[in-house]
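[1] Prediction below, plus the sequence it came from.
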Amino acid sequence: MTEPTRNKIFKALTIAGSDSGGGAGIQADLKTFQELGVYGMSALTAVTAQNTLGVQGVYPLEADAVTAQLDSIGTDLTPDAVKTGMLFSSGLILAVAEKVSQYGWDHLVVDPVMVAKGGSPLLQQEAVQALIRYLLPLALAVTPNIPEAEILSGMKISGMADRETAARLIHAMGPRYVVLKGGHVDEDSPMVTDLVFDGEKFTYWESPRVATQHTHGTGCTYSAALTAELAQHKTVPEAIQTAKAFIHAAIEDGLNIGSGHGPTNHFAYQNRMRGRR
Ligand SMILES: Nc1ncnc2c1ncn2[C@@H]1O[C@H](COP(=O)(O)OP(=O)(O)O)[C@@H](O)[C@H]1O
Ligand SMILES: Cc1ncc(COP(=O)(O)OP(=O)(O)O)c(N)n1
């Protein structure tokens with residue numbers, strides 16, 4: 001009997017924590033992969049008890065459990081691009097870095113998740129050095145927000161000149177692109193500006209700031225969209241273009257569910273593409 005013809009489908013892997021509320025973490029990543037037409041896979045690093053009001057509990061997995069998931073994927077499924085999110089501890093970072101190197105996953109987006117919006121830590125403080133030393137050198141792109149960039153670069157960031165200096169310092173740690181997101185600054189400004197540094201030049205991605213409290217999971221969703229596009233062999237600037245459009249639509253049509261910070265709307269981008277809004 002002949003095998004049925006298989007259509008080529010691009011595959012993306014997220015290595016991240018679970019958000020029981022479904023707005024951030026692996027849930028946001030897999031929804032985003034699906035919406036952008038990419039087959040999604042996941043390796044779980046931690047379980048969080050979380051909702052729109054905050055994080056009620058964090059339960060990390062053993063490093064062996066993460067290694068086993070990555071081996072299952074790496075020996076069979078060959079992701080076209082990979083992203084990391086919540087990694088929690090230096091032990092988990094080491095386990096992930098080892099497998100990313102072993103399987104040659106060079107389309108790697110590192111979202112250096114440190115603290116959830118409500119202030120709950122998602123990365124132990126002593127793990128920051130492991131992130132810098134073992135994971136950033138493997139990254140095609142790293143996507144810090146401003147507080148994360150301050151911690152990675154070791155400097156306080158106030159104006160655009162500081163952002164550029166911090167991006168240079170983080171670039172020197174090894175990633176080919178630094179995408180410094182601007183959602184956390186100038187909250188009175190009508191525009192949000194993300195800064196991208198490729199080691200030679202800066203580019204500035206401006207978009208209108210949406211006035212909303214329903215921004216839970218913006219960083220996860222944005223980095224997942226970037227990963228989905230890279231999985232489809234887009235260049236980093238092309239992937240940023242789509243990821244910005246995806247996150248903007250998701251924030252603009254944010255979901256008023258739960259009684260706190262609602263999640264972004266992962267359907268919004270495709271709804272617009274299909275003319276449903
Ligand atoms: N209120 C907003 N309006 C429009 N875009 C936003 C808004 N907040 C964040 N973004 C965009 O969402 C993406 C994630 O940014 P940010 O919120 O800074 O990340 P994180 O969730 O990691 O803190 C960036 O591209 C940023 O420009
Ligand atoms: C399990 C898990 N991973 C990551 C985050 C952080 O997500 P982010 O996109 O930065 O959104 P906020 O937490 O800031 O709303 C998370 N909360 N949970």
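    Perfect, thanks for sending it. Residues are numbered from 1 along each chain as shown. Ligands and ions are numbered 1, 2, ... in the order given.

[2] quick one: whichever residue of the stretch 1-150 of the chain sits closest to ligand 1 from residue 267, how far?
    The stretch 1-150 of the chain approaches ligand 1 most closely through residue 145 (3.5 Å), counting by Cβ to the nearest ligand atom. C-beta: built from backbone N, CA, C; applies to glycine. Separation of residue 145 from residue 267 (Cβ to Cβ, to the nearest Å): 24 Å.

[3] Please enumerate residues in contact with the helix or strand bottoming out on mean pLDDT in the chain?
    One helix or strand of the chain scores below all others by mean pLDDT, DSSP states H and E: helix 268-273, with a mean of 94. Helix 268-273 is touched from outside by 35-36, 245-246, 249-250, 252-253, 277, with contacts defined as Cβ atoms under 8 Å, 6 or more residues apart in numbering.

[4] from those residues, which ones fall inside strands?
    Judged by DSSP state E, strands contain none of those.

[5] which of those residues count as buried?
    35-36, 246, 249-250, 252-253 (16 or more other Cβ atoms under 10 Å).

[6] can you pull out the strands in the stretch 1-150 of the chain?
    11-19, 39-51, 54-60, 81-84, 108-110, 141-142 (DSSP state E, counting those that start in this stretch).

[7] Nearest to ligand 2 among these would be which one?
    Among these, if distance is taken as Cβ to the nearest ligand atom, the winner is strand 11-19, at 3.2 Å.

[8] quick one on the thing from earlier: and residue 145 and residue 267? Which one has more around it.
    residue 145 (22 against 16; other Cβ atoms under 10 Å).

[9] for the spatially closest residue to residue 194 that is not a sequence neighbour, what are its contacts?
    Leaving aside its chain neighbours, residue 194 sits nearest to residue 205 (4.3 Å; criterion: Cβ to Cβ, 6 or more residues apart in numbering). Residues counted as contacts of residue 205 (Cβ under 8 Å, 6+ apart) are 193-196, 240, 244.

[10] if you look at these, which of them are in helices?
    If you go by DSSP state H, the contacts of residue 205 have 240, 244 in helices.

[11] Of the contacts of residue 205, which is the most crowded?
    Highest count within the contacts of residue 205 by other Cβ under 10 Å belongs to residue 240, 24 neighbours.

[12] you'd agree that one is up against residue 198?
    No. Checked against Cβ atoms under 8 Å, the pair residue 240 and residue 198 is beyond contact range at 10.8 Å.

[13] Would you mark the buried spots in stretch 50-58?
    In stretch 50-58, counting by 16+ other Cβ under 10 Å, buried: 50-52, 54-55, 58.

[14] any idea how far ligand 2 is from the residue nearest to residue 191 when sequence neighbours are not counted?
    Take residue 191 and drop its neighbours on the chain: the residue closest to it by Cβ to Cβ, 6+ apart is residue 206, 5.1 Å away. Going from residue 206 to ligand 2 by Cβ to the nearest ligand atom, to the nearest Å gives 20 Å.

[15] so residue 206, which of the three states?
    What DSSP: H, G, I helix; E, B strand; the rest coil gives for residue 206 is strand.

[16] What is the neighbour count of it?
    12.

[17] Please name the residues that touch it.
    By Cβ under 8 Å, 6+ apart, the neighbours of residue 206 are 191-193.

[18] where does this protein dip in pLDDT?
    Along the chain, segments meeting pLDDT under 70 span 1-6, 277.

[19] picking up where we left off before, got CSV for the contacts of residue 206, with distance to ligand 2 too?
    Shown next, in CSV, are the contacts of residue 206 (distance: Cβ to the nearest ligand atom, whole Å):
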residue, distance to ligand 2
191, 20
192, 15
193, 18
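
[20] what's the distance between the least confident helix or strand of the chain and the middle of its chain?
    Counting by Cα atoms, centre = their mean, to the nearest Å, helix 268-273 is centred 20 Å from the centre of its parent chain.

[21] which residues of the stretch 151-277 of the chain fall in strands?
    Counting by DSSP E, counting those that start in this stretch, the strands of the stretch 151-277 of the chain are 177-180, 191-197, 202-208.

[22] Look at stretch 224-241 and report the distance between its end residues.
    13 Å (Cα to Cα, to the nearest Å).

[23] likewise stretch 148-165?
    14 Å.

[24] List the buried residues for that stretch?
    148-149, 151-153, 157, 162-163.

[25] Now intersect those residues with the helices, please.
    Per DSSP H, the buried residues of stretch 148-165 map to helices at 148-149, 151-153, 162-163.
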